[in-house]
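Undergrad: Structure of the sequence below:
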Amino acid sequence: MVLVVVMGVSGSGKTTVGSRLAAKMGWKFYDADDYHPPENKKKMAEGIPLNDEDRIPWLCMLHDLLRREDSSSQDVILACSALKKMYRHVLVNGASAIESKQPDQSGENPALKILFVHLDGPMDIIAGRLEKRRGHFMPPELLKSQFDALEPPSPPENFITVSLEKCLPEIVLEIESAILQREASLME
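TA: Numbering: from 1, shown residues only. Down below sits the predicted model:
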């Protein structure tokens, strides 16, 4: 089974890419935005960026969701900003990542094997997308704060970076190919 987190700043296409990929592969799809508590959505709607204290409980809940799906051998794609390395660490390791800063490798709660797909692109293109988006609680004014907070994934994290400047079918195909390549290499 495969766990994929499609990540990036607001407006990078996480939900669009993740849901399209999940439909193509016949996997479950979750949008992390659906799991924000009302106070987080209210804060963002008022133009106030979330801080770590706002995000950690939400990320722990998302980790638990991924853990449940992993336990039932379900392939899953989650669209989640996962902007900071620490946030990705929480998605992989759960609450233990906060206390110890080290992965919990005990037999009871081993780290989840997640492939992070970073949708990367220039701020001006993403800002243009946000200006066109309607009915979302995240206002375009917070985009700069997202870029400021972004810590792009780097080794030893399990990730690929995909340019959001490509068309949607190309992006989905690139991610699908990377997933299939990784699965094949694990079978060898």
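Undergrad: show me where pLDDT drops low in this structure?
TA: Low-confidence segments of the chain, defined by pLDDT under 70: 99-109, 133-141, 188.
Undergrad: what about the strands in it?
TA: Assigned strands in the chain, in chain order: 3-7, 28-31, 76-79, 114-120, 159-163 (criterion: DSSP state E).
Undergrad: Kindly present those as a markdown table, with separate columns for mean neighbour count and distance to Pro153.
TA: Backbone N, C-alpha and C define where each C-beta goes, glycine included. Output for these, formatted as a markdown table (neighbours: other C-beta atoms under 10 Å; distance: least, C-beta to C-beta, whole Å):
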| stretch | mean neighbour count | distance to Pro153 |
| --- | --- | --- |
| strand 3-7 | 27 | 8 |
| strand 28-31 | 17 | 20 |
| strand 76-79 | 26 | 15 |
| strand 114-120 | 22 | 5 |
| strand 159-163 | 17 | 4 |
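Undergrad: Take those strands and write them to JSON lines, including distance to Lys42.
TA: Listed next are the strands of the chain as JSON lines, based on distance: least, C-beta to C-beta, whole Å:
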{"stretch": "strand 3-7", "distance to Lys42": "23"}
{"stretch": "strand 28-31", "distance to Lys42": "18"}
{"stretch": "strand 76-79", "distance to Lys42": "21"}
{"stretch": "strand 114-120", "distance to Lys42": "26"}
{"stretch": "strand 159-163", "distance to Lys42": "31"}
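Undergrad: wait, which of those is closest to Ala149?
TA: Ala149 sits nearest to strand 3-7 of all these, at 12.1 Å, using C-beta to C-beta.
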